[in-house]
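> could you look at this predicted model? Sequence included:
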Amino acid sequence: MRGCHNHFHVALGIVLLFTAVLLGCQSSKKDLSQLEKPQGQLAVNEVKSDMSAHWLRSDLLVSKNKLSAPQLIASKQAHFDELGEFDTSYTLKPVEQPNWLMRQHPHLKNFYSYSVDITNTEAKQLAKQQLAVVDKNAEGNPVSISYVQFPILLDDLYTSGQQDADEVKQLGAVIDGQLTRFSIWAPTARNVQVKLYNANKAPLDNRSVKLIENPSTGIWSGMTNIAPQGSYYRYQVEVYHPSSKKIESLLVTDPYSLSLSTNSSYSQVVDLDSVQTQPQNWQNHEIPDVSSPEKMIVYETHIRDFSASDNSLSDIKLAGKYAAFNQAHSDGIKHLKALKEAGLNTIHLLPTYDITTVNEQPSNLLSLNDSLERACQLASGIQLCNTNIDKTQSLAQMLKTFDPLSADAQQLIEHTRSIDAFNWGYDPFHYTVPEGSYALNPEGIPRLLEFRQMVMRLHQLGFRVVMDVVYNHTFAAGVTDKSVLDKVVPGYYQRLNPVSGDIERSTCCENTATEHRMMAKLMIDSLVIWARDYKIDGFRFDLMGHQPKSVMLAAREAVKLVDPDTYFYGEGWNFGEVANNARFVQASQNELAGTQIGTFTDRLRDAIRGGSSFVSGDDIRSGQGLGNGLVSVPNELHTAEQDQNRMDEYLLSLDQARVGLIGNLAIYPLENANGERVFGRDIDYGGAPTGYALDPADTVNYVSKHDNQTLWDNNQYRIANDANTSDRVRMQLLSLAYPLMAQGIPFLHMGSELLRSKSYLRDSYDYGDWYNKVDFSKQSNNYNVGLPPADKDSANWDVIKRIIEQNQGRDLVSPRDIQFASDVFMDLIKIRSSTPLFSLEQAEQIIRRVSFHNTGPNQQLGLIVMRIDDSYSRDLDPNIEELLVIFNHTSETKTFPYIGAERFSLHPVQKRGADPHIKQAATDVKGFTIPSLSVAVFTR
């Protein structure tokens with residue numbers, strides 16, 4: 001009989017042993033009072049509790065605490081926490097920690113190990129119950145309770161063999177002829193059935209589909225002939241949930257949903273191979289080719305930003321929608337065509353899977369074109385609603401009347417942002433369905449058609465399409481309305497604190513656990529669907545460092561089976577509960593070196609932009625970078641006392657920029673500012689190596705993206721007050737030249753070439769069209785349209801106001817300035833795309849062909865001089881023998897001595913380009929002459 005052994009040590013005496021036998025063997029429900037002190041009943045809530053017990057294999061548990069007389073107890077009805085009642089108990093015996101534990105689960109390395117006599121079959125049944133480890137003192141009284149975490153056990157039980165849960169080809173709703181099969185992995189559930197609904201979301205009478213669990217896989221499945229394509233459904237899952245400590249009956253959408261109702265309350269049965277879900281010519285349309293990842297030039301685009309402010313649309317209803325990309329002559333499309341003609345070849349779409357926080361029903365949303373009167377009806381707290389102001393005027397008209405140095409604009413936006421249509425989208429609801437708020441019709445299949453039409457249109461324009469994906473967290477968990485994964489297998493899909501059991505939130509929200517096999521499977525299956533069925537050409541992973549390297553590599557291999565030339569890149573930041581490989585080997589910058597999975601490099605970014613993204617006030621202004629005047633054009637916060645520190649920082653930034661220009665290679669040899677021969681990895685970056693890449697495809701170079709202040713705003717924070725408008729524009733272009741002239745992959749923020757501003761806002765994720773506006777008509781850059789929201793930037797208001805006042809209008813640009821910046825940016829793209837020398841595909845090529853002049857302790861300050869040699873036997877560009885790229889960060893024309901300079905000439909694109917200033921660049925026997933605040937490319 002199970003559970004009637006190993007309860008108490010014989011040393012406690014015959015009486016206690018007899019009590020233990022009773023506890024372990026009687027078939028009726030046990031009560032914790034049998035373990036309590038004789039003088040009274042000990043309530044469960046008086047005993048210290050946590051979730052520091054982890055069940056790893058059926059015969060092994062670990063605990064953070066060293067336990068004296070522990071038992072694993074199980075309560076079928078989840079009454080233990082309330083009444084102290086349980087149904088079965090098992091004694092735990094201390095054992096040596098197995099060797100594999102530290103290797104596979106390093107975050108548990110300091111936990112104590114305990115064996116238990118339980119079979120796999122029994123463990124599967126116990127996993128459906130409330131579980132806790134109870135420790136007792138010498139008198140046999142409970143002294144601690146640890147509720148049990150067991151995701152690792154579930155992986156061992158259901159995914160460690162062949163042909164088990166993670167090998168199942170497809171979960172979710174799958175149409176097979178006249179039948180539809182429903183499958184969901186829910187091994188801890190007690191019962192699962194499918195509830196069906198008609199088009200009005202009314203339940204179909206007596207039309208639920210009862211599912212049967214496969215005990216080998218934990219997958220519940222069933223077939224029916226009454227759920228054809230277009231049918232709506234939800235699962236009803238009966239399961240113990242640790243957040244409520246109750247047996248719950250939960251209605252939940254399908255984690256493997258392929259289509260959804262408006263606002264994603266119901267999943268929809270759909271076959272993505274059906275012509276009903278595809279625009280005309282979908283299967284046969286041509287996808288542009290890029291020969292290697294290094295040839296990509298990426299333009300980061302937000303679907304709503306692209307057209308929300310475009311007054312040239314044929315129909316205002318298209319603003320902010322997928323369908324705006326189908327326009328023929330809108331300002332946005334004209335700009336994309338110009339970028340493509342220059343050589344830009346990849347559109348990166350910010351999240352466009354199903355997100356949580358934007359209402360998909362247009363009638364429930366507020367736009368800037370709506371009247372203040374409507375805003376007062378939909379939103380609360382707007383002070384203007386209680387005044388006699390004309391409420392028929394639109395919100396946009398109202399916002400334009402505010403003093404831009406006042407807090408009025410941000411205050412109005414604060415009260416309306418929860419009901420507008422804007423969000424970056426880093427709040428995933430369902431991973432594998434296009435977002436409905438970008439669709440003209442978000443109800444079911446039409447949103448799929450509209451998304452596919454957009455992808456096809458971008459392909460037809462000549463762009464490859466990359467999708468921003470966020471598998472590192474969910475928006476919600478527990479039994480809340482927007483929770484999905486955590487309702488299906490509670491405690492499995494989210495990453496839990498190993499002691500408290502709380503969901504980790506280092507990402508921002510409810511972290512997911514892609515180290516668990518079925519979460520990894522969900523991610524991989526989702527990526528394959530996007531690549532195969534939506535023809536997405538690459539993926540950018542949000543907070544990729546929160547995911548295992550092994551999973552990322554497996555995911556890429558799976559996607560390559562359906563799209564051989566896919567490219568993966570993402571944020572390889574090292575932080576949070578997974579930092580420094582605390583739980584697994586991370587997909588972080590250092591660990592991904594050599595894999596050709598790209599990571600964004602903060603090294604080049606910070607050298608050019610300056611400072612930190614996490615400081616405020618004058619700390620921002622004092623943190624100048626190469627791109628906005630560090631040492632070469634100092635602002636008023638520079639003091640003589642700081643000269644040496646600033647010079648040290650300046651010289652280090654120059655070396656960091658050089659390493660950035662060679663693709664951040666760890667093994668690239670160069671001379672540092674001290675005259676020492678070092679490698680890229682030896683250049684310091686806050687205690688970490690600047691160079692960490694082993695292949696140019698490991699590195700994604702950028703100086704601006706959706707996060708943090710735009711490049712224009714960042715620069716205005718730091719540029720000297722007396723800098724004129726022209727120089728400010730040149731600083732912007734000089735900064736943008738770095739990713740375009742660097743080895744690796746350039747990543748460009750939409751609108752940065754238009755001097756895009758968000759009015760100094762650091763984090764615009766949910767702050768509407770007013771702050772996030774992009775004007776492709778090139779009439780405005782959206783600068784100084786109101787102080788940024790207090791929630792993000794109130795600590796910066798004083799310095800913003802001071803900067804703007806002291807700039808005396810020199811930071812205000814005209815349409816001519818914006819057009820000029822756009823044209824010069826196009827020239828830079830043309831230069832990069834005109835030759836393979838800026839996109840070398842192997843580290844060895846870069847080491848052999850790229851070199852730097854003007855280095856070491858005697859360098860001429862303000863100049864970076866990069867040479868690329870094509871005189872080797874393998875001629876990469878028949879038109880170029882060698883080229884020199886010279887960055888001049890000073891406000892003066894500079895001459896760089898160079899033997900043989902007279903053999904070079906200014907690049908043809910710059911000779912006939914948009915910038916008359918750069919045409920002053922010259923060569924003669926003495927060397928190269930480079931005008932101020934510019935980058936010149938010379939060829940021979």
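Arrived safely, thanks for sending.
> list the buried residues in stretch 480-500.
482-499 (16 or more other Cβ atoms under 10 Å). To be clear about C-beta, it is placed using only N, CA and C from the backbone, and glycine gets the same treatment.
> do stretch 506-518 as well
Buried residues in stretch 506-518, counted by 16+ other Cβ under 10 Å: 506-507, 509-518.
> now do the end-to-end distance for it.
One end of stretch 506-518 to the other measures 21 Å (Cα to Cα, to the nearest Å).
> next one: it to chain centre, how far?
Counting by Cα atoms, centre = their mean, to the nearest Å, stretch 506-518 is centred 12 Å from the centre of its parent chain.
> how close does T895 get to A737?
20 Å (Cβ to Cβ, to the nearest Å).
> who has more neighbours out of the two?
A737 (26 against 15; other Cβ atoms under 10 Å).
> tell me the secondary structure at that one.
At A737, secondary structure determined by DSSP: H, G, I helix; E, B strand; the rest coil is helix.
> verify the stated contact: P897 with D924.
No: applying Cβ atoms under 8 Å as the test, P897 and D924 come out as separate, 10.6 Å apart.
> please list all residues in contact with the nearest residue to F541 once chain neighbours are set aside.
Spatial nearest neighbour of F541, excluding adjacent residues (Cβ to Cβ, 6 or more residues apart in numbering): G570 at 3.1 Å. Going by Cβ atoms under 8 Å, 6 or more residues apart in numbering, G570 touches 539-544, 587, 597-600.
> likewise for P442?
262-263, 360-361, 436.
> repeat that for P788.
410, 758-762, 771, 796, 800.
> mind checking the SS state of it?
With three-state DSSP as the basis, P788 sits in coil.
> what about it, distance to A795?
Taking Cβ to Cβ, one finds P788 at 11 Å from A795.
> show me what counts as buried in stretch 328-335.
Applying 16+ other Cβ under 10 Å to stretch 328-335 flags 330-333, 335 as buried.
> between these, which is nearest Y872?
Using Cβ to Cβ, H335 comes nearest to Y872 of those, at 38.5 Å.
> where does the residue nearest to that closest one when sequence neighbours are not counted sit: helix, strand or coil?
In space, and not counting its chain neighbours, H335 is closest to F776: 4.7 Å by Cβ to Cβ, 6+ apart. The assignment at F776 comes out as coil when based on three-state DSSP.
> now do the contacts for the spatially most central residue of the chain.
Geometric centre of the chain, nearest residue: D542, 1.7 Å, by Cα atoms, centre = their mean. Residues in contact with D542 (Cβ under 8 Å, 6+ apart) are 351, 426, 468-472, 507, 570-571.
> gap between it and S588?
D542 is 14 Å from S588, by Cβ to Cβ.
> show the buried residues in the contacts of G570.
Neighbour counting by 16+ other Cβ under 10 Å classes 539-544, 587, 597-600 among the contacts of G570 as buried.
> distance to M826, secondary structure and pLDDT added to the residues you listed, as CSV?
Output for the buried ones among the contacts of G570, formatted as CSV (distance: Cβ to Cβ, whole Å; DSSP: H, G, I helix; E, B strand; the rest coil; pLDDT from 0 to 100):
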residue, distance to M826, secondary structure, pLDDT
F539, 27, strand, 98
R540, 24, strand, 98
F541, 29, strand, 98
D542, 29, coil, 98
L543, 33, coil, 98
M544, 31, helix, 98
A587, 34, coil, 98
I597, 30, coil, 98
G598, 24, strand, 98
T599, 28, strand, 98
F600, 24, strand, 98
